[in-house]
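Participant: Sequence isn't available, so here's the structure alone:
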C-alpha cells in the first residue's frame, strides 16, 4: 500500500512504507508490462515473466532511494521497473548474439521463436522500459536521470565486445572499458537514479553513482569467473561458453599473458574446452580476475562507508555488494577484509 503522508525528499509524492512493499510493486509492474503487452507480442513477452531473475539492479535503486524513515517514493519503484525492463531487453539481444538456449532457467526467446522474433521483442522491451520511465510523476527527476545517455553507453559497450569477438590480443585495459559500458553503466544508472530521490546534494549523488559503477564491475568480473567455475544447472544459463563464442574475458586474457604457449595454441585453434579451463586455472587467470574484483570490492566498501547511510539502507547496499562479489556463493564462509 502506498502512503502519501511519508516524508521524503519530495514530501508531496506518494511513498511505499518500506523496501519490501516497494520491491513487490516493482515485480507487479514488470509482470503487468510483460503479460499485458499488445496481443501481437504478448505470448512472447509473457514467456519472459516466467523467470524474473534476481532483480539486483531494481533492489539497488530502491535501496538508494530509501529515506531516513524507511519510505521509498512511488516514482522510484517506477524507475526500478524501467531499469529491470531495460536490462531484460539487453539480455534478449545478448541471447541472439550468443545463440544462447537458456536464460534464468528457461529457454530463451530466440530458441523458442527464432532470432528475428527475439530481436524485435528486445526492441519492444526497450520501448517498454522508456515508457515506464516516462511515467514518473516528477518530470525533473526523470530528466535528471539522463536514461538515454546510459542506454547509449550500454550499446557502445556491447558493440565493443562484438567488435573484439575472437580478438585474442584484447588487453585487460580495453576489456575493462568494454564491461564498464555493457554491464557497469546500468548499475551506475540504478544507483544514480535512486540517489536522486534520496538527496539533492550533488556530491553525494555522484558518490552513489560511483558505488554503482564499482559494483557493476565486480558483478561482471564475478560472472566471468562463473563461466569457468560453475555448471549450467547452478548458474541457470549456459556456462563454459564464452570461449566457444569468441568472447575473451579477463581470466582468459590473464592466462594468455602468463602463458605465451597457451596463446599460440589458441591462435592456431587447437584448444579443447577442457584444456582452456585447465590452463586458465593453472596460469592464475582466475585468481588474477578474483584479485581485481577484490580491489573493486574494497573501493566499493570504502565508498559505501562514506555515504553515511542509515542502518537498513546500509545493510541492503552491503548485501548487494556482497552478492555481486560472491555470485552464486550465497552463504560465504568468510567475507573479504574491508
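Facilitator: That came in fine, so what should we check first? Since the structure is predicted, the reported quantities are computational estimates derived from the model, not experimental observations.

Participant: Where does the prediction get shaky in this protein?
Facilitator: 1-13, 141-143, 230-241, 328-338 (pLDDT under 70).

Participant: In terms of residue numbering, what are the domains of it?
Facilitator: As assigned by automatic domain parsing, the chain contains the domains 14-145, 147-338.

Participant: For those domains, could you give me TSV that also reports mean neighbour count?
Facilitator: The way it works is simple: take the backbone N, C-alpha and C, and place the C-beta from them, glycine included. Output for those, formatted as TSV (neighbours: other CB atoms under 10 Å):
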stretch	mean neighbour count
domain 14-145	19
domain 147-338	18
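
Participant: I'd say residue 244 and residue 272 touch.
Facilitator: No - if you go by CB atoms under 8 Å, residue 244 and residue 272 don't touch, sitting 10.6 Å apart.

Participant: Run through the neighbouring helices and strands of the longest helix along the chain.
Facilitator: Criterion DSSP state H: the longest helix present in the chain is helix 202-229. Under the contact definition 3 or more CB pairs under 8 Å, 6 or more residues apart in numbering; DSSP states H and E, helix 202-229 sits against helix 56-65, helix 172-182, helix 184-198, helix 250-258, helix 273-282, helix 285-306, helix 311-326.

Participant: same thing but 6 Å
Facilitator: helix 184-198, helix 250-258, helix 285-306, helix 311-326 (3 or more CB pairs under 6 Å, 6 or more residues apart in numbering; DSSP states H and E).

Participant: residue contacts, residue 195?
Facilitator: 64, 205, 208 (CB atoms under 6 Å, 6 or more residues apart in numbering).

Participant: rerun that using 7 Å as the cut-off
Facilitator: 64, 204-205, 208-209 (CB atoms under 7 Å, 6 or more residues apart in numbering).

Participant: same check, this time on residue 193
Facilitator: With CB under 7 Å, 6+ apart, residue 193 has these contacts: 61, 79, 83, 145.

Participant: Chain neighbours aside, what residue packs nearest to residue 323?
Facilitator: Spatial nearest neighbour of residue 323, excluding adjacent residues (CB to CB, 6 or more residues apart in numbering): residue 56 at 6.3 Å.

Participant: Pretty sure residue 320 is one of the things that neighbour touches, is it not?
Facilitator: Yes - using CB atoms under 7 Å, residue 56 makes contact with residue 320 at a distance of 6.1 Å.

Participant: Hmm, residue 228 and residue 286 touching each other?
Facilitator: Yes - the pair formed by residue 286 and residue 228 meets the contact definition of CB under 7 Å, at 6.0 Å.

Participant: what's the overlap in contacts for those two?
Facilitator: 251, 280.

Participant: Checking residue 53 next. Helix, strand or coil?
Facilitator: coil (DSSP: H, G, I helix; E, B strand; the rest coil).
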